[in-house]
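**Student:** Turn this into a structure:
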Amino acid sequence: MIPEQIVSNEERPVRSPCVSVCALDEHNICIACQRSGQEISRWGAMSNSEKRAVMHKVARREQGERV
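**Tutor:** Predicted coordinates for the structure are as follows:
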């Protein structure tokens, strides 16, 4: 039996919050995934740590903060 390889959080891909409903509000934030237009367009080129930072902002935006 081969033991499972332990993968650090940095190596695991960060999943996109996209739900295929792209509509930006007056603040350039998607009403579906809560990412900015720039965050959406850069997502594929971001490192995992950058994506995690965006996801932190997404969580704050979901709580009503403007970040």
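**Student:** May I have the residues that are in contact with Pro17?
**Tutor:** The neighbourhood of Pro17, defined by C-beta atoms under 8 Å, 6 or more residues apart in numbering, consists of Cys33, Gln34, Arg35, Met55, Val58. From N, CA and C alone the C-beta is placed, and that goes for glycine too.
**Student:** go with 6 Å
**Tutor:** Pro17 is in contact with Cys33, Val58, counting by C-beta atoms under 6 Å, 6 or more residues apart in numbering.
**Student:** Helix or strand: which one has it?
**Tutor:** When elements are defined using DSSP states H and E, Pro17 is found to belong to no helix and no strand.
**Student:** Before we move on, what's the pLDDT of it?
**Tutor:** Looking at Pro17, its pLDDT is 97.
**Student:** and it, how far is that from Ala32?
**Tutor:** 8 Å (C-beta to C-beta, to the nearest Å).
**Student:** you'd agree Val58 is up against Gln34?
**Tutor:** Yes - shown here, Val58 and Gln34 form a contact pair, counting by C-beta atoms under 6 Å, at 4.4 Å.
**Student:** Quick check: pLDDT value at the residue nearest the centre of the chain.
**Tutor:** Among the residues of the chain, Met55 comes closest to the average C-alpha position under C-alpha atoms, centre = their mean, at 4.1 Å. According to the per-residue confidence, Met55 scores 98 in pLDDT.
**Student:** what's next to the helix or strand where it lies, contact-wise?
**Tutor:** Per DSSP H and E, Met55 falls inside helix 48-62. Judged by C-beta under 6 Å, 6+ apart, the contacts made with helix 48-62 from elsewhere in the structure are Glu10, Val14, Pro17, Gln34, Glu39, Val67.
**Student:** let's see it at 7 Å
**Tutor:** Contacts of helix 48-62 with the rest of the structure, by C-beta atoms under 7 Å, 6 or more residues apart in numbering, involve Glu10, Pro13, Val14, Pro17, Ile29, Cys33, Gln34, Arg35, Glu39, Trp43, Val67.
**Student:** ok, so what distance separates the fifth one from Met55?
**Tutor:** Counting by C-beta to C-beta, the separation of Ile29 from Met55 is 14 Å.
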